[in-house]
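1. pasted the sequence and its predicted model underneath.
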Amino acid sequence: MISKNQIKFIRSLQLKKHRDAHNCFVVEGEKIVDEIIKSDFSIYQIFATKGWLLSNPNIVAEQTHKISEKELSRISQHSTPNKVLAVVEKAERELKISTITKGLTLVLDEIKDPGNLGTIIRVCDWFGVERIICSKNSVDIYNSKVVQATMGSLVRVMLYYDDIEDVINQLPSDFPIYGAYMDGKNITDIVIEKDAILIIGNESFGISDKVGLFIKERIAIPNQKEGAESLNVAIATSILLHEFRR
């Protein structure tokens, strides 16, 4: 059985200020919870149906609660709850500048939509991009919609929040920095460096002027049909990463 205080606590984690205060976030669904279990994240609480607990007898959590599907629906943010919900401690991650010079690092400048960030994390996992740096005013990775959209990829892709200009200023002056623009060079026509930064801008306004000053090469996805204005930022990121990995 779940108490009123437990329900209140879990619901409070929908807000970033409470996630920050308690240093934890919510994960829902069998697939994502399974990914969390296999990762180095620490699980604080699990609320699950009897069937799920019987199928997962070796779960390690500070607290494990058997609840009914009706009770699960009271704490779930899904229209159809999926057998298990976990409260997980946030990961402590420190960005080391030396790692940025090895391989491709994706930088996100003011990404605001949770679904976009979650999908981008999933795309990075697919293409083997291990690091994402987000501007501090980007959407929170532990937003439940972001977590859900990653489909578990958040355990394999390291994401950091930092001041983009400060990070770039610590890199060698000749380090390759690409920026996605509508009027950039055709991505298929340029030689792409293996060790580099790719910057993706805000859904509505693109890369901010202050970050744009650091870009060495403006790149674009060629438009194949006149009249099509733009691509969704997550789709554009997927296409660009395919070209970087090709």
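-> Right, received. Where do you want to start? Numbers count the residues shown, from 1 in each chain.

2. hey, let's count contacts and neighbours off CA atoms from now on
-> Fine.

3. mind listing the helices for this structure?
-> Taking DSSP state H as the criterion, the chain carries its helices at 4-12, 16-22, 30-38, 50-55, 69-75, 97-100, 114-127, 144-150, 164-169, 209-212, 233-245.

4. got the buried residues for the second one?
-> Of the residues in helix 16-22, those buried under the neighbour-count criterion (16 or more other C-alpha atoms under 10 Å) are 16, 18-19.

5. cool, the longest one as well?
-> By 16+ other C-alpha under 10 Å, the buried positions in helix 114-127 come out as 114-125.

6. and the helices of the chain: which comes nearest Arg156?
-> When those are compared by C-alpha to C-alpha, helix 114-127 sits nearest Arg156, at 6.7 Å.

7. packing partners of that closest one?
-> Applying 3 or more C-alpha pairs under 8 Å, 6 or more residues apart in numbering; DSSP states H and E, we find helix 114-127 packed against helix 144-150, helix 233-245.

8. buried deepest among the ones you listed, which one?
-> Mean neighbour count (mean count of other C-alpha atoms under 10 Å) peaks for helix 144-150 among the helices and strands packed on helix 114-127, with a mean of 22.

9. can you list the strands that the strand ranked longest in the chain pairs with?
-> With secondary structure taken from DSSP state E, the chain has its longest strand at strand 177-186. Strand 177-186 sits in its sheet next to strand 196-200 (parallel), strand 217-220 (parallel), going by DSSP bridges.

10. give the buried residues for the last one.
-> Put plainly, it is strand 217-220. Those buried within strand 217-220 under the rule 16+ other C-alpha under 10 Å are 217-220.

11. one more: stretch 46-60?
-> 46-50, 53.

12. with stretch 192-201 instead?
-> Buried residues in stretch 192-201 (16+ other C-alpha under 10 Å): 192, 196-201.

13. let me have those in CSV, extended by distance to Leu106.
-> CSV is the format used below for the buried residues of stretch 192-201 (distance: C-alpha to C-alpha, whole Å):
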residue, distance to Leu106
Ile192, 14
Ala196, 9
Ile197, 6
Leu198, 5
Ile199, 6
Ile200, 8
Gly201, 11
